[in-house]
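Novice: Sequence first, predicted model second:
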Amino acid sequence: MASNIVLSEVEYNVVGKRHLRPDGVDKVTGRAQYGADVQLTGLLQGKVLRSPHAHALIKSIDTSAAETYPGVHAVVTAADLPFASLSREELGGEYQRLKLASNHVLASDKALFKGHPIAAVAAESQHVAEEAARLIRVEYEVLPPAMTVRQAMESDAPLLHEDLFTSELGELSDKPSNVASHMAFETGDLDEGLKQADVALEREFETASVHQGYIEPHNSTAFWNTDGQLNIWCSTQGPFVVRTSVADILRHPVSRVKVTPMEIGGGFGGKITAYLEPIAALLSRKSGRPVKVLMTRTEVFEASGPAPGTWMKVKLGVTSEGKITAADIFLAFEAGAFPGSPVMQGAACALACYDVPNARINGYDVVVNKPKTAAYRAPGSPQAAFAVESVIDEICEQMGMDPVEFRLRNASREGVRRVEGPIFRRIGLVECLEAARNHDHYKAPLEGPNRGRGVAAGFWFNRGFQSAVNISVNPDGTVNLIEGSVDIGGSRASIAQQAAETLGIAYEDVKPTVVDTDSIGYTMVTGGSRTTFATGWAAIEAAEDVKTQMVERVARIWDTPVEDVQYIDGILSHKSDPELRMSFRELARQLLGTGGGITGASNVDPSGEGNGFGVHIVDVEVDPDTGKTTILRYTAVQDAGKAIHPSYVEGQMQGGVVQGIGWALNEEYFFNDQGHMMNSSFLDYRMPTALDLPMIDTVIVEVANPGHPYGVRGVGEVPIVPPLAAIGSAISHAVGRRIDRLPANPGAVLEAM
Amino acid sequence: MPGLVHVSTTINGNPTDFLCEPRQSLLEVLRDVLGMTGTKEGCNDGNCGACTVVFDGRIVTSCLVLGVEAQDKEITTIEGVATPEGLHPVQQAFLENAALQCGICTPGFIVATKALLDREPDADEGRIRHWLAGNLCRCTGYDKIVRAVLDAEDKMKA
């Protein structure tokens, strides 16, 4: 039976091999240092006091009892943020942006979600800080909350921000509203497209807020020295993003903020926002001591970013031959308490798998009284795919068409223009669909009652952005590779492999280290499926720089023109004199005596990102008495481009699939009528366990990205896109009723039946 | 401020004495009092398994045990799994099978897995999944973890 298949086009020496990760021993022995493990002389513990209400005016805050409590060293509120003492005139065009950013860190006049930070305490111990935080008296005037997009979009809905005006297709409206923006993409002629269709189907969908669910809670330790140097140690996907954000909110020079990324216990997009760092910094400045602030699991759920709940409508027109002629899509995404849902990405991804000549997509970004949403793996795409792919599945069912064949007839390929404008370069959706059709899972009949099979496709752009790498040559012929990309899933290995391949040396001879923001050039977040692509690119360029310098050096030693020297597979040789030949290792030994050490450096912002597609197949069985769904078999097919480290590519695919299974079947933020989350623990917010799952089969389809030297596309986002629709369709086939709301938990499935 | 309690216990084979507050959990004692940060906190309410330790032969979530309960007990943490000679076969198998991504749940999984294989060296996939259902991993989807445990069984017999 199939398990993990790699369909390769090109083989390399180091790239594509399953090497041991450099940080592996530390991580299996408990020695790896994560953010919560930081210990500093004089370290204080912080605790954040949070709003118990989803929506309330803050009338007053009295911190006096906490300040005098034994063991307390500092108490801060929004009044300690620079924004509190800056006037609108001083801030000019920055005013609104800084106001929202500051209010997100510490609420000033209004609490906008349950869990919104109100104040914070630094004390001798965690327990003392908690006791003191409870002594802070806050007077609230509780307001009715707006908890869903449908509710928040109504004309008489409670307003979160009285100065928020809808950006209506780029124009600012004159009436305050919870709709932060309305954007649209349009191509062709929708009415004409619908006229050409033989079948038109329109359906409406809703999905709940879900959390990224990383196992490590947020943490941040800060020390603000008397000379103005601010050092931060934290768990983040983007130390440079934290640096920018802290410098901005605290109005502190970016060069005086050093962020050291500790090992990170999962992120999935949720560890980019600086929640605790500005608070820890303020507490440190006030107390003169380093301060560590940790979130509890409940705080993680209530006050860090979930992925948005949504309300969506999709209408598709299709000819009797199974060609999509028209698509009309409405997406309304919850932004949470502050504007900024990924509805634009959702809109751009919604139809990306297909060549649709006539389409209109309207997207709405809507504020609600929930924590501000954050990125979660392919932000916006899973929800949009749930809606679009479910309609396609129902059309296939009505027309009696094979769902893979239908997708092949409409599949995007090189040259197709996406609804939002870009034209696809070489992509691998057709190859993925063919690999799915040829897979023994798809060919195997699914027998038995209450069982169903679902198929769905998914898209993510994959990203480039800025990365920096330095490579220094050691006298023993190894190299030190310095990078700014936090390693969440084995990227030290995949970056080192690309450097080793380029230098023509062994994988074990490259020693990668992730460093702080003072020690490497600007590097964007580990996220968006960009790291192996863009930081890998930086490693290749730095390695090329090393090669150039090695060639120059050996030319000097041999007293020959540089043009006469060639560098092939780690061997430097003279093009015409066979006597002149030296290995990388031999030359490395001679560097210090022939002009000094060699360091290659690179700063890149590559534009050749290769778009990613996946196709998933799932078999489910639904218990007709309880409504519980069991995953019987799951196969994920994906074009990852060249898989630099196939094990970690498979791991990304399997992990993304299982998060998608949780999203589809169980996970949701469950609120009471006052807007209080009722399931803010891992007991009640039920993520999949080992017992809930079968093995997750994978097929890596390697359609090389022509925009990367080794053909890398990126992998992490795509695998969470198809599961929602694939599982929804599988359940629909098992029970004979369409699933149009997620999660499809036992109660919801019973109701549908 | 409650008074401190003197506790005598054995951790990873070493006789250990510590002072703790009656309200401090064993997890807090390990991490904050003894500086043994290999045991991780993921939820502090017994639902994620990141803080799993062996407590007198049984695996427990150390966030749900009080420090004072360690008196006269034998405790094994992740720091006690490898030897000076090298990694334990379970650790080696996790490493070779890419059974970790971010690594925060890994100490808990390794302690729990070793406890399983110490008593059931031939546990099958179903048994492994059942035993490890108390340990949450959000990165891997568990596939490579289960394969690593099966591989560790082979390694321990070799």
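Specialist: Arrived safely, thanks for sending. Numbers count the residues shown, from 1 in each chain, chains lettered A, B, ... in the order given.

Novice: check contacts around residue 55.
Specialist: Let's take chain A. With contacts defined as C-beta atoms under 8 Å, 6 or more residues apart in numbering or on different chains, residue A:55 is in contact with A:110-113, A:142-146, A:158, A:160, A:369, A:675. For glycine as for every other residue, the C-beta is placed from the backbone atoms N, C-alpha and C.

Novice: my bad, the chain I had in mind was chain B
Specialist: By C-beta under 8 Å, 6+ apart, residue B:55 lies in contact with B:26, B:62, B:65, B:70, B:73-75.

Novice: Output the longest helix belonging to chain A.
Specialist: Ordering each helix of chain A by length in residues (DSSP state H) puts helix A:536-558 first.

Novice: Any buried residues in whichever helix or strand comes after that one, and which?
Specialist: The first helix or strand that comes after helix A:536-558 along the chain, using DSSP states H and E, is strand A:565-568. Judged by neighbour count using 16 or more other C-beta atoms under 10 Å in any protein chain shown, the buried positions of strand A:565-568 are A:565, A:567.

Novice: What ranges in the chain fall below the confidence cut-off?
Specialist: Since you didn't name a chain, this refers to chain A. Residues of chain A that meet the criterion pLDDT under 70 lie in A:1-2.

Novice: my question was about chain B
Specialist: Counting by pLDDT under 70, the low-confidence segments of chain B come to B:1-2.

Novice: show me where it has strands.
Specialist: Secondary structure of chain B by DSSP state E: the strands cover B:5-11, B:14-20, B:52-55, B:58-61, B:74-76.

Novice: most packed of those strands?
Specialist: Each of the strands of chain B was given a mean neighbour count from mean count of other C-beta atoms under 10 Å in any protein chain shown, and the largest, a mean of 24, is that of strand B:52-55.

Novice: Pull up the pairing partners for it, direction included.
Specialist: On the basis of DSSP bridges, the sheet neighbours of strand B:52-55 come out as strand B:58-61 (antiparallel), strand B:74-76 (antiparallel).

Novice: Give me the helices and strands touching the longest helix of chain A, please.
Specialist: The elements that helix A:536-558 packs onto, with contact taken as 3 or more C-beta pairs under 8 Å, 6 or more residues apart in numbering or on different chains; DSSP states H and E, are strand A:467-473, strand A:479-483, helix A:491-503, strand A:565-568, strand A:571-574, helix A:584-590, strand A:599-604.

Novice: for the residue in chain A positioned nearest to chain B, what are its contacts?
Specialist: Relative to chain B, the nearest point of chain A is residue A:30 (2.1 Å; C-beta to the nearest C-beta). Taking C-beta under 8 Å, 6+ apart as the criterion, residue A:30 is in contact with B:36-39, B:77-79, B:107.

Novice: With residue B:42 instead?
Specialist: By C-beta under 8 Å, 6+ apart, the contact set of residue B:42 is A:215-217, A:265, A:297, A:682, B:48-51, B:104-105, B:108, B:136.

Novice: export those to TSV and tack on distance to residue A:168 and neighbour count?
Specialist: What follows is those, written out as TSV (distance: C-beta to C-beta, whole Å; neighbours: other C-beta atoms under 10 Å in any protein chain shown):
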residue	distance to residue A:168	neighbour count
A:215	41	28
A:216	41	28
A:217	39	24
A:265	41	30
A:297	40	21
A:682	41	22
B:48	44	30
B:49	49	27
B:50	47	27
B:51	51	29
B:104	44	29
B:105	46	29
B:108	50	30
B:136	43	23
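
Novice: near chain A, from the contacts of residue A:30?
Specialist: Contacts with chain A within the contacts of residue A:30, as defined by C-beta under 8 Å from any C-beta of the partner chain: B:36-39, B:77-79, B:107.

Novice: Check which helix or strand the nearest residue to residue A:123 once chain neighbours are set aside maps to.
Specialist: Leaving aside its sequence neighbours, residue A:123 sits nearest to residue A:129 (C-beta to C-beta, 6 or more residues apart in numbering or on different chains; 3.9 Å). When elements are defined using DSSP H and E, residue A:129 is found to belong to helix A:126-134.

Novice: Could you check how far that helix is from the centre of its chain?
Specialist: 33 Å (C-alpha atoms, centre = their mean, to the nearest Å).

Novice: For that helix, name the packing helices and strands.
Specialist: Using 3+ C-beta pairs under 8 Å, 6+ apart as the contact definition, the elements that helix A:126-134 packs against are strand A:44-50, strand A:72-77, strand A:117-123.

Novice: of the ones you listed, which approaches residue B:43 most closely?
Specialist: When the helices and strands packed on helix A:126-134 are ranked by proximity to residue B:43, the top entry is strand A:44-50, at 17.3 Å, counting by C-beta to C-beta.

Novice: hmm, back to that, make a markdown table from the ones next to chain A among the contacts of residue A:30 and add neighbour count to it.
Specialist: Rendered in a markdown table, the data for the ones next to chain A among the contacts of residue A:30 read as follows (neighbours: other C-beta atoms under 10 Å in any protein chain shown):
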| residue | neighbour count |
| --- | --- |
| B:36 | 21 |
| B:37 | 22 |
| B:38 | 23 |
| B:39 | 25 |
| B:77 | 22 |
| B:78 | 28 |
| B:79 | 19 |
| B:107 | 30 |
